[in-house]
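Asks: Sequence isn't available, so here's the structure alone:
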């Protein structure tokens, strides 16, 4: 197995060729924050929280979707990066309707945790208070667009792990939103197997079980990595 | 020239309000109005949300009595699910409400109202608050604060936090009571009992002397009273049915279901207040004036059903009549209810069924409309939800206890103003602060909860304006 060596925050690290910069920063225990990234799913670099400085790159690069290369000199925590990350989280809060106090994911929400991580105590951007719908047509689950940050974890887990491809992104720009099936009520999408993986990987309270009320959501985000490795390692007898 | 005297804000209450005294050209008092000057909009912005969120959402209406909304919302949710909740859950909810009544009544009596009684109506307004009470009688202040803490701590032991614990849910509650929590409650009960004994003794002494006039002129008028009672007609605070009695104590209506509230209650709106004016529909507006809350609950019931509370209820009736028509007696009623709560808490925590592990029934939506009711510290609270087939709210109506006392609060402040404000008020004359404090205290009798906001006693400024008929400010005084 070939290896690439690079420097992360002045520390030399070696990772397998083909590994991402995010894996390299993890090897250096650099603690780069991520929100849309989830082990076991294809990276999409949607949230921009894992941006890092790479000498000579000329721009900030998302660690999750950039391959580590020989001789790279990477910095993960500069004042400028800290400012950008905080701004990104502020924009998430300003863009949607995130009311932690009554949210089903309160205290188990990755967006909430990220606000703490990046030191956000308020948003410098005016809240947009968009009018967004709640899709409660599924017998077991609900999609609350108010809390969606368009990380696309649900889209990816349904496509890549469950193989049902119920979810997609509809519209453009500020109107972007998650759609079920051919933009139908979720409960009417026959492709949905009601497996609940999308609910488990959702970083916020956008997807939740109907039986859960305020602060009762306890997601299990380890599922995709577990299922993918089990599949790749042929852990099941019928494989 | 007519004048308007404004008391804005009203202090030592929960929420934002003002009082206006309207004087005619001769300086005679013509009308007194209690205005609630804040607008919350919960009924509107809850629309479109899943009904399962309502317990958490509506609990945020209030930081003092979140439990009341939590329970009313959970009970409405039970009915939308069409489930019977497990017996342990029903008892745990009762325990939660008893703790809530205890802490809220302790707050009203010790923190908000007792400075008037104990430090004097005329005392320095800057010190006429709980901090002044701490300086004057630290032992009493400490006991009162610890009594409230007792109630608050039970809320935390049950729900994981003192304020806004979303612990009661459609179908039951989230977790049972732990053995340690049970032991803590039993350990602290004797101290709570001692404190309420102290408060009752003190209050009765004051009633025999300095507060005799207040008892007579603070909102003593005939009205209906409404509250929950058990099937046997005993005191009730969460289950049970609704009863109305009139000013003579005769039962006007009994064992009414909350489902039919629209048949016996209606709401009027006045342009000068954000608070609606509910009335007893058969008698019309405003003749259908009724009062709710601790005094009403004691007026509608035959008895409480526990020995100490029944003794105190008998004494209350002996002193003030049956039914008691003076709004000042709300303070006494609050203390009697604390006794009732402490006795009920003691019985409940020793009930083996309370510790049963099954506390939540699970179901999907089975109905599209439901009404839930609970007795908040301030009175009967109704939640009425309509949902679509997916469980998203299409209509919300909340009938809050304080609103139901709105007519009575207006009548009370008018009665006090007529008694204490000079007649006529000379042109350009200032009205002494102590007299205006009594008008404010008329509102405090009802312990109104106008919002989720609470204010540390004595920290809110009082702004008093003397206005000309054209609205020009003739004189202004500010305190605080």
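Replies: Right, received. Where do you want to start? Values in this document were obtained by computation on a predicted structure and should not be read as measured data.
Asks: how about stretch B:179-199: buried residues?
Replies: Applying a neighbour-count criterion of 16 or more other CB atoms under 10 Å in any protein chain shown, one finds B:181-182, B:184-185, B:188-189, B:192-193, B:195-196, B:199 buried in stretch B:179-199. All C-beta atoms are positioned from the backbone trio N, CA, C, and that covers glycine.
Asks: One more: stretch B:345-359?
Replies: So stretch B:345-359, judged by 16+ other CB under 10 Å, has buried residues B:345-346, B:348-349, B:354, B:356, B:359.
Asks: can you name the two of those residues that are farthest apart?
Replies: With CB to CB as the measure, no two of those lie farther apart than B:346 and B:359, at 21.0 Å.
Asks: Beta-bridge partners for residue B:34, please?
Replies: Under DSSP bridges, the beta-bridge partners of residue B:34 are residue B:19.
Asks: which element is residue B:442 on?
Replies: For residue B:442, the element it lies in under DSSP states H and E is helix B:433-444.
Asks: what does the average pLDDT come to for that helix?
Replies: Per-residue pLDDT over helix B:433-444 has a mean of 80.
Asks: same question, stretch A:63-73
Replies: If you average the per-residue pLDDT over stretch A:63-73, you get 96.
Asks: how far does it sit from the chain's center?
Replies: Relative to the chain's own centre, stretch A:63-73 is displaced by 20 Å; criterion: CA atoms, centre = their mean, to the nearest Å.
Asks: What are the buried residues along it?
Replies: Neighbour counts using 16+ other CB under 10 Å place A:63-66, A:68, A:72 of stretch A:63-73 among the buried residues.
Asks: which of those lies closest to chain B?
Replies: For these, the closest approach to chain B (CB to the nearest CB) belongs to residue A:64, at 33.0 Å.
Asks: correct me, but that closest one touches residue A:20?
Replies: Yes: here residue A:64 lies in contact with residue A:20, judged by CB atoms under 8 Å, at a distance of 6.0 Å.
Asks: joint contacts of those two?
Replies: With contacts defined as CB atoms under 8 Å, 6 or more residues apart in numbering or on different chains, the residues adjacent to both residue A:64 and residue A:20 are residue A:43.
Asks: Now intersect the buried residues of stretch B:179-199 with the helices, please.
Replies: Among the buried residues of stretch B:179-199, the members falling in helices (DSSP state H) are B:181-182, B:184-185, B:188-189, B:192-193, B:195-196, B:199.
Asks: Run a quick neighbour tally on residue B:45.
Replies: The burial metric for residue B:45, expressed as a neighbour count using other CB atoms under 10 Å in any protein chain shown, is 11.
Asks: what does the longest helix belonging to chain A rub up against?
Replies: With secondary structure taken from DSSP H, chain A has its longest helix at helix A:79-95. Residues lying outside helix A:79-95 but in contact with it, judged by CB under 8 Å, 6+ apart, are A:33, A:47-49, A:51-53, A:60, A:75, A:98, A:111, A:114-115, A:118-120, A:122-128, A:130, A:149, A:174.
Asks: Repeat the analysis, applying 7 Å as the threshold.
Replies: Applying CB atoms under 7 Å, 6 or more residues apart in numbering or on different chains, the external contacts of helix A:79-95 come out as A:33, A:47-49, A:51-53, A:111, A:114-115, A:118-120, A:123-128, A:149.
Asks: Can you name every helix or strand that the next helix or strand after it contacts?
Replies: From helix A:79-95 onward toward the C-terminus, using DSSP H and E, the following helix or strand is helix A:110-117. Helices and strands touching helix A:110-117, by 3 or more CB pairs under 7 Å, 6 or more residues apart in numbering or on different chains; DSSP states H and E, are helix A:79-95.
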